[in-house]
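Chemist: model the following, please.
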Amino acid sequence: MHRRLLIATAVLIPTLTSAQTPLRAALSGRASAEVSLSPPRVAGQPAPKALTIKIDYGQPHVRGREVPAELAKPGTVWRTGANASTTLTTDVDLMIGTVSVPKGAYSLYSIRTEKGYELIINTNTGQWGTEYTQSKDLARVPLTARTLSEPRESLQIALVPAGDQSPKGVLTISWGKIELSTGWSVK
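Modeler: Predicted structure coming up:
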């Protein structure tokens, strides 16, 4: 079964107007990463609705801080964004890393462990980002960490597609000098 993969990512960039004096960094805004999948068309049927995988998150900015401070010591859960919890919504069943994620909505958190970094996929949604309940975890996915050559001022989460038009790719979380990543694919 072939699916066509379309990618659209949006990053909110803070802007300043000349009326704002002195210059100050804008408040954290919302941003999203989204993948649209076109299901196969059946002859004689109307075109099916595109299926989406979307991550909605608050986009904090470095502003001279150590980023992310929450990941500096093992065992501290980070909301993986700012303000309201980061939300993954998927119309399709996924594999994130080696974990099966049924279609639905989830909150995403991150944690540094003694062995490295993990993405926490949590079934509780709609809460403020710091309201984490471990008993609601669906799974924890190991993340690969790398140091960026140029620091990223604003948090960016992306669903980077594979180059072969298959419904898979890499989920990346980057901020400051760190990038965390894991693979994703449609089941």
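
Chemist: wait, what's in contact with Ile173?
Modeler: Neighbouring residues of Ile173 by Cβ atoms under 8 Å, 6 or more residues apart in numbering: 80, 110, 119, 143, 155-157, 179-181. To be clear about C-beta, it is placed using only N, CA and C from the backbone, and glycine gets the same treatment.

Chemist: quick one, strands of this structure?
Modeler: Taking DSSP state E as the criterion, the chain carries its strands at 4-10, 29-38, 51-59, 77-78, 86-90, 94-96, 99-101, 104-113, 116-122, 137-161, 168-186.

Chemist: select, out of these, the one closest to Glu70.
Modeler: Checking the strands of the chain against Glu70 by Cβ to Cβ gives strand 77-78 as the closest, at 3.6 Å.

Chemist: name the helices or strands packed onto that closest one?
Modeler: strand 104-113 (3 or more Cβ pairs under 8 Å, 6 or more residues apart in numbering; DSSP states H and E).

Chemist: by contact count, what packs against the strand it packs on?
Modeler: strand 77-78, strand 86-90, strand 116-122, strand 137-161.

Chemist: parallel or antiparallel, which strands does that strand pair with?
Modeler: Note on strand 104-113: by DSSP bridges, its sheet partners are strand 77-78 (antiparallel), strand 86-90 (antiparallel), strand 116-122 (antiparallel).

Chemist: what's that strand in contact with?
Modeler: Counting by Cβ under 8 Å, 6+ apart, strand 104-113 makes contact with 55, 57, 70-81, 85-90, 117-125, 127, 132, 138, 140, 143, 173, 180, all of which sit outside it.
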